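**Student:** here you go, sequence then predicted model.
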Amino acid sequence: MSEDQNPPAAPAAPAPEVVEAELAIEQRHVTRLYELRDRLLTDARAALARTASSGTVGTPGARTERDAFMRLYGERVRTLENVEARMCFGRLDVDTGERRYVGRIGLSDEERHELLVDWRAPAAEPFYQATAARPGGVLRRRQISTTRRRVTDIQDEVLDLAGFEAAGVDGGHVVVGEGALFASLDAARGSRMRDIVATIQSDQDAVIRAPLAGVLVVQGGPGTGKTAVALHRTAFLLYANRERIARSGVLLVGPNRVFLRYIDQVLPALGEADAVVMATPGELYQGVVATAVETADVVTLKGELRMARVIAEAVKRRQRLINSGRPLDVEGTVIRLQPRYVREAREAARRSRAPHNVARRTFVSVVMRHLVRALAAARGTDVDDDTRPGLLAELYAARDVRRELNLCWPPISPERLLRDLFAVPERLAEAAPRLGRDERARLRRDRGAPWSAADVPLLDEAAELLGADETSDATVTAARAEAERRAEVEYARQVQDTFGGADFGTAEQLASRYAGGGSFATVAEQAETDRAWAFGHVVVDEAQELSPMMWRLLMRRCPSRSFTVVGDVAQTGSAAGTTAWSDVLAPHVGDRWRQAELTVNYRTPEQVMDLAAAVLRAAGSSVQAPTSARVGRHEPVFTRTADDPCGAAALADVVTRERQDSGGGTVAVITPAAGHDTAVATVRAALPEGIVTADSDALGSPVSVLTVAAAKGLEFDTVVLVEPAAIVAESPRGVNDLYVALTRPTQRLHVVHSAVLPAGLSPRPSRPARSD
Ligand SMILES: Nc1ncnc2c1ncn2[C@@H]1O[C@H](COP(=O)(O)OP(=O)(O)OP(=O)(O)O)[C@@H](O)[C@H]1O
């Protein structure tokens, strides 16, 4: 709880034996909770084992009741296993005399007495929101810290002193320990992000519990908890709106795979994972792996909304007319495909407003109507119900007919459309007359070139306009999968009927959760394989990096426009990204979006944050940098080298020393992209083998050497920042990149440079650091 919002009462510190007694009270309750949880886990595991060894009962299709129940019990086992650490973290004493424990899950005893309230339940809300000014019936809030199953610390805030004393609450001694928030912020970070359920602050809580509908932008500087809040909000929304969004799932978009791995333990720890699909922007078009790296000007161009028109035009250009009649040999009879047949068919197909591949049916049927007549006339027969099928069969079988139809209105895949467009300059010139010659040249590339992340929204745009190509293998597979899915939905209903639904929600929920391709796939598994899947909610992290074209794709993924958009327009690194939320959102929702702001940096110590803010100011930015929640123990250190620091012995020395001083914490060396490989070699040569990793596998190693792009969203106990002037010079948004790099450390910053430091970044006159 932030101090200004909830000033804690400050009674005299109680004697040690009083604290011991209070700890013992909490230990008794926590022990009871774990016993209950263990019992439930044993029961769930036994049920799972029983189900696994039981035979199948009735077998419509390939699915069995067993599959469904295996999943259900499996999910329950996972949830109970995942809440082991810090299962209970709080207690509220309420003016009704109730003592309410708050934790990761809800637990009740056999008599249905609530022993633990899920942190997301309305009853837990005061734990995060109550203040001394507005206690809302809360007399005392107690934070309970546990290690393994042992209660190690408690911290009280009395919100209503008179009420508290009058009530004579059991365990009535007030304990002021080390603040749970401060202890958590000051602790060394592991390689993965942890949940913050125990210490969510009230402004963060307001974002987490905000209503599901509409677009909510969470703007906040570095370290303000945007990612943490986005994850907790996801868990909250799934809990509070299970009926509405558990079926359709949540899409969570993060900047890169390392980042997704960094956060991937948070949702399971909060008991929610099965309905969430995590993806990077480059993974949002199924079947395409985006590996190509493109220059900033290409990325920018591909991200512009103009590209939507280019693609629409490219599709239209595939619907061609003919200038003169074409002879068609139909089993020896030569007829003519007249230009007016094609024109009429094209008009009818376009009028249908169906996507290209679907409208092709209309096109073909109109042309065929004419050709049937022409063939009958050439043969001197009538067209009637008896003759038509035979004539049509002949036409469909004729190679000339198929060729001409395919020339005028070919079935086409998004991949093919884009490859042709970028490989054949004439096609691009036709489709993009408004692009300049140099812009078109920028888009040019070989047919076989790998895809980039910037191609993904273009492919998706094309897929939207083309629709399913009924002749492609993918479409046939998808149609088959859809048919299977329907059968499974129906079957899951039967499962529900057979077994009753006491614990498992409605038949509909069971059907949607366990029906799916393969074997009763979860919602996430289904959604991942279906481009047209409509998610119930989309959470976008580092959202400032996304291009306007990528926003179009995301909007298609969630027709209900229920979004949590999380980012910082001062950290935009991508040339295609945004510096104003309204620019990217207005085309889709006008001004119907709301913004929440987070302003306290829980990561970076004040000494380091001051430097980062000075860099922004010196660059003329009007963005207000966040305030640090704490003063660190260490002043930033600067080391100057004679030559390029990436290859300097001094860099190796600094990293070796910082590693020793970090006391086992994580160390990141953040370098300019151009010097990255050299720096990796320099640092590797100085440290024992196996300790240093580079970009792609940066997590979990004591020392990692990263570019700014790879460090985005992550944090490290110590950051060694190499040649900041080069980082600034490397891209048009280089100052933002430097700001990102400067705000990664949780404890220490060491700048190693040979060039003059960028404006704002200079050693400050020394001042006292925290001494504890
Ligand atoms: N209420 C809180 N209690 C404890 N720790 C918190 C709290 N809020 C944020 N943190 C911690 O602060 C750090 C920064 O949080 P997070 O990564 O979510 O910030 P961010 O706003 O996404 O940062 P950036 O924009 O720099 O990526 C994390 O270690 C997070 O766990």
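**Tutor:** Looks like it arrived, so ask away.
**Student:** which bits of this structure sit near the ligand?
**Tutor:** 181, 184-185, 196, 199-201, 204, 220, 222-228, 568, 571, 602-603, 713, 715, 743 (Cβ under 6 Å from any ligand atom). (C-beta placed from N, C-alpha, C; glycine too.)
**Student:** among the residues you listed, name the buried ones.
**Tutor:** Among the residues of the chain next to the ligand, those classed as buried by 16 or more other Cβ atoms under 10 Å are 181, 185, 196, 199-201, 204, 220, 222-228, 568, 571, 602-603, 713, 715, 743.
**Student:** in strands, which of these appear?
**Tutor:** G220 (DSSP state E).
**Student:** which of the residues of the chain next to the ligand fall in helices?
**Tutor:** Under the assignment DSSP state H, the residues of the chain next to the ligand contribute 181, 184-185, 204, 226-228 to helices.
**Student:** poorly predicted segments of the stretch 451-600 of the chain, please.
**Tutor:** 469-522 (pLDDT under 70).
**Student:** for the ligand, what is the nearest residue in it?
**Tutor:** For the stretch 451-600 of the chain and the ligand, the shortest gap (Cβ to the nearest ligand atom) falls at D568, measuring 5.1 Å.
**Student:** so what's the residue count around N601?
**Tutor:** Using other Cβ atoms under 10 Å, N601 has 26 neighbouring residues.
**Student:** who's in contact with it?
**Tutor:** By Cβ atoms under 8 Å, 6 or more residues apart in numbering, the contact list for N601 reads 221-224, 609, 626-629, 743.
**Student:** dump the residues you listed to JSON lines, plus pLDDT.
**Tutor:** Listed next are those as JSON lines, based on pLDDT from 0 to 100:
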{"residue": "G221", "pLDDT": "92"}
{"residue": "P222", "pLDDT": "94"}
{"residue": "G223", "pLDDT": "93"}
{"residue": "T224", "pLDDT": "95"}
{"residue": "M609", "pLDDT": "95"}
{"residue": "P626", "pLDDT": "93"}
{"residue": "T627", "pLDDT": "92"}
{"residue": "S628", "pLDDT": "93"}
{"residue": "A629", "pLDDT": "89"}
{"residue": "T743", "pLDDT": "96"}
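**Student:** so what's the residue count around the residue nearest to E430 when sequence neighbours are not counted?
**Tutor:** Distances taken as Cβ to Cβ, 6 or more residues apart in numbering place R317 nearest to E430, at 5.3 Å, with adjacent residues excluded. The number of residues packed near R317 is 13, by other Cβ under 10 Å.
**Student:** same deal with R444?
**Tutor:** 14.
**Student:** got it, and the one 5 residues further on?
**Tutor:** For A449, the number of neighbouring residues by other Cβ under 10 Å comes to 13.
**Student:** report the separation between it and the ligand.
**Tutor:** Separation of A449 from the ligand (Cβ to the nearest ligand atom, to the nearest Å): 32 Å.
**Student:** let's verify that residue: helix, strand, or coil?
**Tutor:** Using DSSP: H, G, I helix; E, B strand; the rest coil, the structure places A449 in coil.
**Student:** hang on, the earlier thing: so the residue nearest to E430 sits against L428, correct?
**Tutor:** No: at 10.3 Å, R317 does not count as touching L428 under the criterion of Cβ atoms under 8 Å.
**Student:** what residues are up against the closest residue to the ligand within the stretch 651-772 of the chain?
**Tutor:** Ranked by Cβ to the nearest ligand atom, the top residue of the stretch 651-772 of the chain for proximity to the ligand is G713, at 4.3 Å. Listed by Cβ under 8 Å, 6+ apart, the contact partners of G713 are 227, 254-255, 259, 262, 541-542.
**Student:** looking at those residues, which are in strands?
**Tutor:** In strands, judged by DSSP E, none of these are found.
**Student:** need the residues you listed in a markdown table with distance to G106, can you?
**Tutor:** Shown next, in a markdown table, are these (distance: Cβ to Cβ, whole Å):
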| residue | distance to G106 |
| --- | --- |
| T227 | 26 |
| G254 | 29 |
| P255 | 34 |
| F259 | 31 |
| Y262 | 28 |
| D541 | 28 |
| E542 | 33 |
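**Student:** so of these, which two are at opposite extremes in space?
**Tutor:** Y262 and E542 (11.9 Å; Cβ to Cβ).
**Student:** so where's the chain uncertain?
**Tutor:** Applying pLDDT under 70 to the chain flags the ranges 1-13, 55-65, 168-180, 182-183, 188-190, 469-522, 695-698, 765-772.
**Student:** max-length helix in it?
**Tutor:** The chain, longest helix under DSSP H: helix 16-53.
**Student:** and that one, what does it pack against?
**Tutor:** helix 65-82, strand 88-94, strand 99-103, strand 107-108, strand 114-118, strand 138-147, strand 150-158 (3 or more Cβ pairs under 8 Å, 6 or more residues apart in numbering; DSSP states H and E).
**Student:** now the second one against strand 99-103, angle please.
**Tutor:** This points to strand 88-94. 150 degrees (axes from the mean of the first three to the mean of the last three Cα atoms, to 10 degrees).
**Student:** ditto for the longest one
**Tutor:** With the same axes, to 10 degrees applied, the angle from helix 65-82 to strand 99-103 works out at 110 degrees.
**Student:** what ranges do the helices span in the stretch 651-772 of the chain?
**Tutor:** Using DSSP state H, counting those that start in this stretch, the helices found in the stretch 651-772 of the chain span residues 676-686, 708-711, 724-729, 734-742.
**Student:** what about these, which gets the closest to E347?
**Tutor:** Using Cβ to Cβ, the nearest of those to E347 is helix 708-711, at 48.8 Å.
**Student:** export the closest one to CSV, keeping only CA atoms.
**Tutor:** What follows is helix 708-711, C-alpha atoms only, in CSV (Å, rounded to 0.1, in the frame of the first residue of the first chain):
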residue,chain,number,x,y,z
VAL,A,708,18.2,-2.9,-26.0
ALA,A,709,15.5,-4.6,-28.1
ALA,A,710,16.1,-7.9,-26.3
ALA,A,711,16.2,-6.3,-22.9
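**Student:** buried residues in that helix, which are they?
**Tutor:** Buried, per 16+ other Cβ under 10 Å, within helix 708-711: 708-711.
**Student:** over to stretch 114-124?
**Tutor:** 115-120, 123-124.
**Student:** pretty sure S108 is touching D118, no?
**Tutor:** No: using Cβ under 8 Å, S108 is not in contact with D118, being 10.9 Å away.
**Student:** which one of the ones in helices among the residues of the chain next to the ligand sits closest to F638?
**Tutor:** Nearest to F638 out of these is L185 (Cβ to Cβ; 25.1 Å).
**Student:** so F638 sits in a helix?
**Tutor:** No: judged by three-state DSSP, F638 forms no part of a helix; its state is strand.
**Student:** and it, how many neighbours?
**Tutor:** Neighbour tally, F638, other Cβ under 10 Å: 15.
**Student:** just A755 next, same as before
**Tutor:** Counted with other Cβ under 10 Å, the neighbours of A755 add up to 15.
**Student:** and if you look at E165?
**Tutor:** 12.
**Student:** quick revisit: reformat the helices and strands packed on helix 16-53 as a markdown table; add distance to L371.
**Tutor:** A markdown table is the format used below for the helices and strands packed on helix 16-53 (distance: least, Cβ to Cβ, whole Å):
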| stretch | distance to L371 |
| --- | --- |
| helix 65-82 | 51 |
| strand 88-94 | 75 |
| strand 99-103 | 72 |
| strand 107-108 | 72 |
| strand 114-118 | 67 |
| strand 138-147 | 79 |
| strand 150-158 | 83 |
